[in-house]
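1. Just the structure for this:
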Amino acid sequence: MSRHYKGAGWAVALTALLINSPAWAHDPVFGIGPHVLYKGGVEVATEVHLGEAGEERELELGLELVYGITGDWAAGIELPYAWKEEGAEESGGPGDLSLFTKYRFWRHDTLGAQEGAAVLLKIKTDTGDEGAMPALGTDTTDAILGLTYGYESLKWYRWASLRYRHNGENDAGLLRGDKVLLDLAAGWRPRLPSYYLPDTVWLLELNGEYGRRAELNGTELPDSGGTEWFLSPGIFWTKRNFAVKAGVQIPIASDLNGNQEQTDYRAKLVLEWHL
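-> Prediction:
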């Protein structure tokens, strides 16, 4: 088969997917991408988050609802339910509800590829049970502002995102340190996709987190804040309007301040339906 014919085939497949499949656009598992829903589109997702750091273990189930306000602007809500364990203490119940919105301010289509950039705003409320032991909420209202870029073709994907998390102060005077999150990701599709057949994209992410020290009534806490880096393999599997995302974060470098438990692992599973 000639290179010209193969290139034309990929271009035709891309056009068909853009027209027919709202689930074609991908975002990474742990980072964020510029993907938004079409106008009037609805996305329902269930998520499972697992994590362990020393004697601290956490399992969170979440329900996410997203609505496409326009072709470039979407908004949604996250409803979590969490179980936590710290040593001999265990607790479970509703976590902190979050509201979010994403606006894609730039999109550029070329033959066989699409690029985009978006901004994200997320507000985490204080609806969780902070009185449980361990606490299921932070008793604060926090805000996350993010910027993301993405490139998608039929064979290769790449994303980059930067987020800043500003944490509020709780009633006890505890101010958790603000965080900066940097995510770089790449994706590879091993075979030409078809709207009528399952599609698989393999992912690899590099996720970095830097946190400032926390403060209690204006005094810095030495055993808080620092930096962690994760290498995160994952998969994105889709069939028409249904998608599965899964990945695991493996710590590769850590520079935490003072005496803190380092993250052993984090894992995430997402089931998405585009209605």
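2. and T110, how far is that from Y151?
-> 10 Å (Cβ to Cβ, to the nearest Å). Bear in mind the C-beta positions are built from the backbone N, C-alpha and C, glycine included.
3. Looking at those two, which has the bigger crowd around it?
-> Y151 (18 against 10; other Cβ atoms under 10 Å).
4. got the buried residues for stretch 122-133?
-> 122, 124, 126-130, 132 (16 or more other Cβ atoms under 10 Å).
5. Tell me the one among the residues you listed nearest to T101.
-> K122 (7.9 Å; Cβ to Cβ).
6. Using the three-state scheme, assign that closest one.
-> strand (DSSP: H, G, I helix; E, B strand; the rest coil).
7. Which SSE is immediately downstream of the worst-scoring helix or strand of the chain on mean pLDDT?
-> None of the helices or strands of the chain scores lower by mean pLDDT, DSSP states H and E than helix 3-20, at a mean of 45. Sequence-wise, the next helix or strand downstream of helix 3-20 (DSSP states H and E) is strand 42-53.
8. State the next helix or strand along the chain beyond that next one.
-> Strand 42-53 is succeeded, C-terminally, by strand 56-68 (DSSP H and E).
9. Quick one: list the elements packing against that next one.
-> strand 42-53, strand 73-86 (3 or more Cβ pairs under 8 Å, 6 or more residues apart in numbering; DSSP states H and E).
10. For the helix or strand encompassing E272, name the packing helices and strands.
-> Secondary-structure element containing E272, defined by DSSP H and E: strand 265-274. Secondary-structure packing of strand 265-274 (3+ Cβ pairs under 8 Å, 6+ apart): strand 42-53, strand 242-256.
11. Format those as TSV; extra columns: mean neighbour count, mean pLDDT and distance to A118.
-> As requested, these are exported to TSV (neighbours: other Cβ atoms under 10 Å; pLDDT from 0 to 100; distance: least, Cβ to Cβ, whole Å):
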stretch	mean neighbour count	mean pLDDT	distance to A118
strand 42-53	16	97	15
strand 242-256	16	97	18
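12. got TSV for the ones you listed, with distance to D142 too?
-> Putting the helices and strands packed on strand 265-274 into TSV (distance: least, Cβ to Cβ, whole Å) gives the following:
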stretch	distance to D142
strand 42-53	17
strand 242-256	20
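13. quick one: which of the ones you listed is nearest K102?
-> strand 42-53 (11.5 Å).
14. so what strands line up beside the closest one?
-> In the sheet, strand 42-53 lines up against strand 56-68 (antiparallel), strand 265-274 (antiparallel) (DSSP bridges).
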